[in-house]
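J.: here's a sequence, model it:
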Amino acid sequence: MGGYGKNIGIWISDKKSQKLNWNELTTVCASHGYNLIKLDIEKPLESQGHIDIFIHKLTDILAAADQGDKKASFIISQVEQYLSNHPNIVVIDPLDNVRILLNRYRYYSILQNEPTFQKQGVFTPNFAEFTTNNTDTNLEIMRQRGVRFPMICKPSISHGSKSAHEMILIFNERGLSVCKPPCVVQSFVNHNAILHKVFLIGNRYHICERPSLKNFYPSDDYAPIFYSTGEVCKADSQSTLSILDPHDKAEIKMSLNEGKIKNIIRVLRRDIGLLLTGFDVVIDNATGNHAVIDINVFPSYDHFPDFFEHLLESIEEIVDKKAQGLCNGSSNSLSGNIACLNGFVNVSKCPSKFGVTGMNFN
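T.: Numbering: from 1, shown residues only. This is a model prediction of the structure:
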């Protein structure tokens, strides 16, 4: 069917906008028959022209609204009203679906309850939520949930501020005093300092290897270690926390299993229903099992081959299938639409059309 003469409206923050190659995106949109409209969500959307596709990264504003920020709440209510008034707009991604990933405890629960994971060697490490500073209470919650030291303490809110990416590695009961509820604690899995980031656009995916935390073990002597994922896990990170100890260097490097990755993708698309998302996997160096430790909305897409082209192709697949009546779900919801895209494509193994790589869109 194609998108000739149709409009794509996009909103991202000013900071992220500076990292996006607008000329390239405009060119690729035009090659698919779409006009690109840069939206201002602080102004009435009705006055900014007709749109057929709405692409956004409203995670920070959604998170602020959920925390009671009045301005953010007003913006979100206006966007939701606009989309309600125009149910035929394809939204990438639906706000209710995005909200699932704003809370770590919520999406870890989805992962932990997936029945196919255990038999396939996929898991999310045991986790618990702290809502109090009472150490005795928190120790009992950890015991009930099977969380063991060392563990990582993370803010419950996964988006919305720099603090969402600030973590604490805790080795013993004494270290629990540094936790600031509401937060999620999760058992640490030794993985030889290698993180695998999986970027998704619908049924297309790309895998990148990143540095990560070295192996750690329980200790009554170690003080908590504070760190930011940006300092440790970026492509160019050179943190001392990623340098393996001598006795760990003899460990065999565990290989990523793409069959397991595809099963994770299948579950995320079915249960969370986002077109633009990504997740982090580490491999347990004792078992080879794959642990999903984080999920992100509209991630960076670092070095994702032909990102804009794959984005437009995925949009066209949804629009075409919707027009043919092949997808279920409400007209501006992708939770049903995504499920009707079949198969998975590792774009790293496809010929590059334009040589355009990811947006560095953090």
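J.: quick one, what contacts the residue of the chain most remote from its centre?
T.: The centre of the chain is farthest from one residue, residue 221, which by Cα atoms, centre = their mean lies 34.4 Å away. Counting by Cβ atoms under 8 Å, 6 or more residues apart in numbering, residue 221 touches residue 171. From N, CA and C alone the C-beta is placed, and that goes for glycine too.
J.: if I look at it, how far off is residue 347?
T.: 46 Å (Cβ to Cβ, to the nearest Å).
J.: which non-adjacent residue is nearest residue 46?
T.: Closest residue to residue 46 apart from its sequence neighbours, by Cβ to Cβ, 6 or more residues apart in numbering: residue 82 at 6.8 Å.
J.: do I have it right that that neighbour meets residue 48?
T.: No: contact between residue 82 and residue 48 fails when scored by Cβ atoms under 8 Å: they sit 9.8 Å apart.
J.: low-confidence ranges in the stretch 201-350 of the chain?
T.: For the stretch 201-350 of the chain, the stretches flagged by pLDDT under 70 are 249-253, 325-342, 350.
J.: can you give me the helices in it?
T.: Taking DSSP state H, counting those that start in this stretch to define them, one finds helices in the stretch 201-350 of the chain at 229-232, 258-271, 307-323, 334-339.
J.: ok, the stretch 1-150 of the chain next?
T.: Secondary structure of the stretch 1-150 of the chain, counting by DSSP H, counting those that start in this stretch: helices at 14-17, 22-31, 59-66, 70-85, 95-100, 104-112, 115-120, 135-145.
J.: just name the most buried of these.
T.: Neighbour counts (mean count of other Cβ atoms under 10 Å) averaged over each of the helices of the stretch 1-150 of the chain peak at helix 59-66, with a mean of 21.
J.: neighbours of residue 239, just the number please.
T.: 17 (other Cβ atoms under 10 Å).
J.: no wait, residue 291
T.: 21.
J.: what's near enough to touch it?
T.: By Cβ under 8 Å, 6+ apart, residue 291 lies in contact with 122, 123, 124, 125, 189, 191, 281, 282, 283, 284.
J.: who does it form a beta bridge with?
T.: With DSSP bridges as the criterion, residue 291 is bridged to residue 123, residue 282.
J.: show the contacting residues for the residue sitting nearest the centre point of the chain.
T.: With distances taken as Cα atoms, centre = their mean, the residue of the chain nearest its centroid is residue 296 (1.1 Å). Shown here is residue 296, whose contacts under the criterion Cβ under 8 Å, 6+ apart are 101, 158, 277, 278, 279, 280.
J.: apply 7 Å and report the result again.
T.: By Cβ atoms under 7 Å, 6 or more residues apart in numbering, the residues touching residue 296 are 277, 278.
J.: likewise residue 121?
T.: Counted by Cβ under 7 Å, 6+ apart, residue 121 has contacts 260, 288, 289, 290.
J.: let's go with 10 Å and repeat that
T.: 257, 259, 260, 263, 283, 284, 287, 288, 289, 290, 291 (Cβ atoms under 10 Å, 6 or more residues apart in numbering).
J.: just read off the phi/psi values of it.
T.: Backbone torsions for residue 121, taken as degrees, to the nearest 10, come to phi 80, psi 30.
J.: look up how far residue 146 lies from it.
T.: Going from residue 121 to residue 146 by Cβ to Cβ gives 18 Å.
J.: picking up where we left off before, including distance to residue 316 and mean pLDDT, could the helices of the stretch 1-150 of the chain go into a markdown table?
T.: Below are the helices of the stretch 1-150 of the chain laid out as a markdown table (distance: least, Cβ to Cβ, whole Å; pLDDT from 0 to 100):
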| stretch | distance to residue 316 | mean pLDDT |
| --- | --- | --- |
| helix 14-17 | 24 | 83 |
| helix 22-31 | 11 | 94 |
| helix 59-66 | 25 | 93 |
| helix 70-85 | 20 | 97 |
| helix 95-100 | 20 | 96 |
| helix 104-112 | 28 | 96 |
| helix 115-120 | 30 | 93 |
| helix 135-145 | 44 | 97 |
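J.: can you list those helices in a markdown table and add distance to residue 205?
T.: As requested, the helices of the stretch 1-150 of the chain are exported to a markdown table (distance: least, Cβ to Cβ, whole Å):
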| stretch | distance to residue 205 |
| --- | --- |
| helix 14-17 | 22 |
| helix 22-31 | 19 |
| helix 59-66 | 20 |
| helix 70-85 | 27 |
| helix 95-100 | 18 |
| helix 104-112 | 17 |
| helix 115-120 | 17 |
| helix 135-145 | 31 |
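J.: tell me which of those sits nearest to residue 53.
T.: Set against residue 53 and scored by Cβ to Cβ, the helices of the stretch 1-150 of the chain come closest in helix 22-31, at 9.4 Å.
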